[in-house]
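Novice: Kindly generate the corresponding structure for this input.
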Amino acid sequence: MVLILTEADVELLANKTDWLVGIDVNEAVFREESLQHTLCPQRQIIDTMNEAATEKTMTTYFKYASVKGLGIGTKVVSVVPGNARLNKPTVPATVLLIDPVDGSSLALIGGTYLTGYRTAAGSAVAARYLAPKDSSVLSVFGAGLQARCHIEALLAVMKGITVINIHNRTVATAVALVDSLRLKYSNVRFVVVSAEEAVSSIVSESDIIVAATNSSKPLFDGRWVKPNSMVIAVGSSRPDSRELDSATVCSSTATIIVDDPGSCLVSGDIHSPLQEGVITQGDLVRLSSVVAAKGLPAGTTKKSIIVYKSAGTAIQDIGTGKMFYDLAIKSNTGVKVDL
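Specialist: From the prediction side, this is the model:
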């Protein structure tokens, strides 16, 4: 029997579960990686072109992984910018879990919400160990699923946050996000920042900055980032798109943490600084090493700022997918079918 979990099922399970549960699951995944108890081959990529073969209309990634004690599976995720015009997810995804005993299909899970959830949980793991303990101001670029999940996950681990600035290209989307969050977090002051000229101010006052957009160009000048702060970037996954400039991702001023070096090397946030020579591959520190050390690993120098770059790793998809599977079995959520 295969358990089918829709996007609505996953979101329901997430909303009924304390964020710390998901964050701890993702921390456990990275701990298993540090112990070499995971396998995660390089992702496979297929580009789809338009009829004239002049423009990419879709990029599809196939990501496989196994995590000891959690299982085996694969995730198929596509990046389809044109879906925005159709009011569909621009990053639709599906996760398949395999029974580690008999090899049969265990679950088919809608992976769009899961992706946002696990990415934010990974960022929260990084923040738990590396963000300033007295952080009070969080600024978020973007107002979609990733932005919402990051706000909620970071509030779960950084209890001192009292001000959250949200800057988004479409102001109405940011306003709608703030209106929904205010109902849940009455002790936090949410501010929608619409003016571009105000970006320098919110960046310079922030203890933690989250970039969660589909921007192809840097969102702010890295020289505005104040010392002893943390920058989290999760939106870019291709060499030709980046949210951070090379003043932010620079080995002389930033300690750079990555979830998966292979994926991050083809993300513009890391690819471009490498090409420019302001960082080297040796400057990249794995998040799994941070988890193992419960902070920066021995021999890693803490620079003026911490940059955490997430481009996605399938070990998180498998670990988080298994978590939702277990929650679904306990709550009788989803539908079981015979293939």
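
Novice: make it CA atoms for all contacts and neighbour counts henceforth
Specialist: OK.

Novice: Contacts only, for the spatially most central residue of the chain.
Specialist: Most central in the chain under Cα atoms, centre = their mean is residue 119, positioned 2.7 Å from the mean C-alpha point. When contacts are counted by Cα atoms under 8 Å, 6 or more residues apart in numbering, residue 119 touches 146, 234, 310, 312, 316.

Novice: try residue 202
Specialist: Per Cα under 8 Å, 6+ apart, neighbours of residue 202: 139, 165.

Novice: Please report the distance of it from residue 148.
Specialist: To residue 148, residue 202 is 18 Å away according to Cα to Cα, to the nearest Å.

Novice: same thing with residue 199?
Specialist: Residue 199 is 19 Å from residue 148, by Cα to Cα.

Novice: for residue 158, same thing?
Specialist: Distance of residue 158 to residue 148, computed by Cα to Cα: 15 Å.

Novice: what's the answer for residue 1, then?
Specialist: From residue 1 to residue 148 the distance is 34 Å (Cα to Cα).

Novice: can you redo the contacts of residue 119 as TSV with pLDDT?
Specialist: Formatted as TSV, the contacts of residue 119 follow (pLDDT from 0 to 100):
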residue	pLDDT
146	95
234	97
310	97
312	88
316	97
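
Novice: Helix or strand: which one has residue 69?
Specialist: For residue 69, there is no helix or strand it lies in under DSSP states H and E.

Novice: And residue 269, by the same measure?
Specialist: Element membership for residue 269 (DSSP H and E) is helix 268-276.

Novice: What of residue 175?
Specialist: helix 171-184.

Novice: on that earlier part again, what lies in contact with whichever helix or strand comes after the helix holding residue 269?
Specialist: Proceeding N to C from helix 268-276, the next assigned helix or strand is strand 284-286, under DSSP H and E. For strand 284-286, contacts defined as Cα under 8 Å, 6+ apart pick out 255, 256, 257, 258, 259, 260, 261.

Novice: how about a cut-off of 6 Å?
Specialist: Residues from elsewhere that reach strand 284-286 (Cα atoms under 6 Å, 6 or more residues apart in numbering): 256, 257, 258, 259.

Novice: likewise stretch 98-106?
Specialist: Contact with stretch 98-106 is made by 2, 71, 72, 73, 97, as judged by Cα under 6 Å, 6+ apart.

Novice: The first one contacts residue 334, correct?
Specialist: So the one you mean is residue 2. No. Shown here, residue 2 and residue 334 do not form a contact pair, counting by Cα atoms under 6 Å, at 10.0 Å.

Novice: May I have the beta-bridge partners of residue 98?
Specialist: Per DSSP bridges, the residues bridged to residue 98 are residue 72, residue 105.

Novice: Just give me the neighbour total for the spatially closest residue to residue 301 that is not a sequence neighbour.
Specialist: Once flanking residues are discounted, residue 301 sits nearest to residue 255: 7.1 Å by Cα to Cα, 6 or more residues apart in numbering. Residue 255 has 22 neighbouring residues, counting by other Cα atoms under 10 Å.

Novice: The helix or strand residue 255 falls within pairs with which strands?
Specialist: In this assignment (DSSP H and E), residue 255 forms part of strand 254-258. The pairing partners recorded for strand 254-258 under DSSP bridges are strand 284-286 (parallel), strand 305-309 (parallel).

Novice: Quick check: which of the ones you listed has the most neighbours on average?
Specialist: Sort the strands paired with strand 254-258 by mean neighbour count, taking mean count of other Cα atoms under 10 Å, and strand 305-309 sits at the top with a mean of 27.

Novice: ok, and what's touching it?
Specialist: 227, 228, 229, 230, 231, 232, 233, 254, 255, 256, 257, 258.

Novice: swap the cut-off to 7 Å and go again
Specialist: 227-234, 253-259 (Cα atoms under 7 Å, 6 or more residues apart in numbering).

Novice: export it as CSV, just CAs?
Specialist: Provided in CSV are the C-alpha atoms of strand 305-309 (Å, rounded to 0.1, in the frame of the first residue of the first chain):
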residue,chain,number,x,y,z
ILE,A,305,29.2,38.1,9.3
ILE,A,306,27.8,34.6,8.9
VAL,A,307,26.4,33.7,5.4
TYR,A,308,24.3,30.6,5.2
LYS,A,309,23.5,29.5,1.6
